[in-house]
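Q: Here is a sequence together with a model predicted from it:
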Amino acid sequence: MAEIVVVDSKQAAGELVAAEIRRLIEATADTVLGLATGSTPLPVYAALAASLLTHPLDVSRVHGFALDEYVGLPAGHPESYRTVITRDVTGPLGLTPANIHVPNGDRATLEGAGADYERAIDAAGGVDLQILGIGRTGHLGFNEPGSSFASLTRVKTLAPKSRADNARFFASPDEVPVHCITQGLGTIRRARHLVLLAFGAEKAAAIAAAVEGPVSASQPGSAIQLHEHVTVVLDEAAASQLVNGDYYRYIWANKPAWQGI
Ligand code: GLP
């Protein structure tokens, strides 16, 4: 079962996950991080940046792989995930730009882009810790309902609900690309530790389905139930539809400190 951690605030969630990432880098300089975009992981990046400022650590050998990218946005578009990762992660954490990878969403060279990305992840030794958010459709990365649990990095069509959700970042809803390239659920499941974060009542149903619902391709988030090391970090609102919430809180309260997350 995934470990469910319910915290008081986004900041507390960020600090918990940042501490684990820091611990990994201290142990292994060439740690490979799986990087999510969206608003959810921002407290993790902020907490890690603050920690690196007060207690510097060599992060020059850390590698990062973004989960996904829009297809067809011009290079340098402010909402391309390449730009977002540079702005929110690579820059603030002082990572080595050449070590940070984002799937290639350029239409002209899209055909081999998925296989190239899989090879790059393999060449880096696989992802040690994969940060994940979840969409209201239940998507992980951009694996919309129906995505195979064995899927690898490939081009997908965004669900209308996901395009509507992401329209807030664009000048108009029509500007949100229809296609994306995303790590598959099979790619994500190969990461050694999955850390799924969610905040707010609008994520409560997707989280309940992911954690407690039947394992089903109709709920991509439920793929986490097939992984041996998963940590789900939630605020109270995102945890509000969990049937066994009290039990998860009890487990966390009684967790031996040496276990970490
Ligand atoms: C985005 C990303 C996902 C993210 C999800 C939730 O569009 N492709 O990786 O987890 O949708 O976004 P947010 O964290 O902003 O709610």
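A: Okay, I see it.
Q: Show me which residues of the stretch 1-150 of the chain sit near the ligand.
A: Of all the residues in the stretch 1-150 of the chain, those in contact range of the ligand (CB under 6 Å from any ligand atom) are A36, T37, G38, S39, T40, L67, D68, G133, I134, G135, G141, F142. No exception for glycine: its C-beta is placed from N, CA and C like everyone else's.
Q: From those, keep the buried residues only.
A: A36, T37, G38, T40, L67, D68, G133, I134, G135, G141, F142 (16 or more other CB atoms under 10 Å).
Q: Next, the buried residues of stretch 120-129.
A: By neighbour count on 16+ other CB under 10 Å, the buried set for stretch 120-129 is I121, A124, V127, D128, L129.
Q: what's in contact with that stretch?
A: 20-21, 24, 28, 30-34, 63, 65, 101, 187, 190-193, 195 (CB atoms under 8 Å, 6 or more residues apart in numbering).
Q: Skipping its backbone neighbours, what lies nearest whatever residue of the stretch 51-200 of the chain ends up closest to the ligand in space?
A: In the stretch 51-200 of the chain, the residue that lies nearest the ligand is G133 (2.6 Å; CB to the nearest ligand atom). Leaving out its chain neighbours, the residue that sits closest to G133 by CB to CB, 6 or more residues apart in numbering is T40, at 3.6 Å.
Q: try A209
A: Once flanking residues are discounted, A209 sits nearest to Q219: 4.4 Å by CB to CB, 6+ apart.
Q: hey, where'd the helices end up in the stretch 1-150 of the chain?
A: Along the stretch 1-150 of the chain, counting by DSSP state H, counting those that start in this stretch, helices occupy 10-27, 42-54, 81-85, 91-93, 113-123.
Q: most tightly surrounded among those helices?
A: The highest mean neighbour count among those, using mean count of other CB atoms under 10 Å, belongs to helix 81-85: a mean of 22.
Q: Please work out the average pLDDT along stretch 186-197.
A: Stretch 186-197 carries an average pLDDT of 98.
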